[in-house]
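K.L.:
Make a model of this:
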Amino acid sequence: HYAVKQGDKSSVKTLLDSFTPEKQLLFLSTKDKKDKDGKTAVQWAPADERKDMDKMLRRYRREADFEVNYGEFILF
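P.N.:
Here you go, the predicted structure:
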């Protein structure tokens, strides 16, 4: 939440890149949880960064979900 709140996409990206796809999904599952003030991480992001931050987090979630659920799928 803190890195997103600061609008620091590079820190969020670095953090996510260091996780396995399973850990990325676990981390990203908290994206829509509200804090004590009732706001999500993206809602805390600076206004000019919200759209890009949300887009980046959604892309990571899609890619991690695909890797976890279909990454082992091999065509013969």
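K.L.:
Only C-alpha atoms from now on, for both contacts and neighbour counts.
P.N.:
Noted.
K.L.:
Let's see the distance spanning stretch 24-33 from one end to the other.
P.N.:
By C-alpha to C-alpha, to the nearest Å, the extent of stretch 24-33 from end to end equals 15 Å.
K.L.:
quick one: buried residues of that stretch?
P.N.:
Applying a neighbour-count criterion of 16 or more other C-alpha atoms under 10 Å, one finds 24, 25, 28, 31 buried in stretch 24-33.
K.L.:
The last one is in what secondary structure piece?
P.N.:
If I follow you right, that is residue 31. Following DSSP states H and E, there is no helix or strand that holds residue 31.
K.L.:
For it, grab phi and psi.
P.N.:
Phi and psi for residue 31, reported as degrees, to the nearest 10, are phi -60, psi -40.
K.L.:
does it really touch residue 40, like I thought?
P.N.:
Yes. Residue 31 is within contact range of residue 40, at 6.5 Å (criterion: C-alpha atoms under 8 Å).
K.L.:
Where does pLDDT dip in this structure?
P.N.:
The model of the chain has pLDDT under 70 over residues 1, 72-76.
K.L.:
Closest to the centroid, which residue in it?
P.N.:
residue 57 (3.4 Å; C-alpha atoms, centre = their mean).
K.L.:
In the chain, spot the helix with the most residues.
P.N.:
Counting residues, the longest helix in the chain under DSSP state H turns out to be helix 50-70.
K.L.:
tell me which strands and helices that helix is in contact with?
P.N.:
The contact analysis (3 or more C-alpha pairs under 8 Å, 6 or more residues apart in numbering; DSSP states H and E) places helix 50-70 against helix 21-28, helix 41-44.
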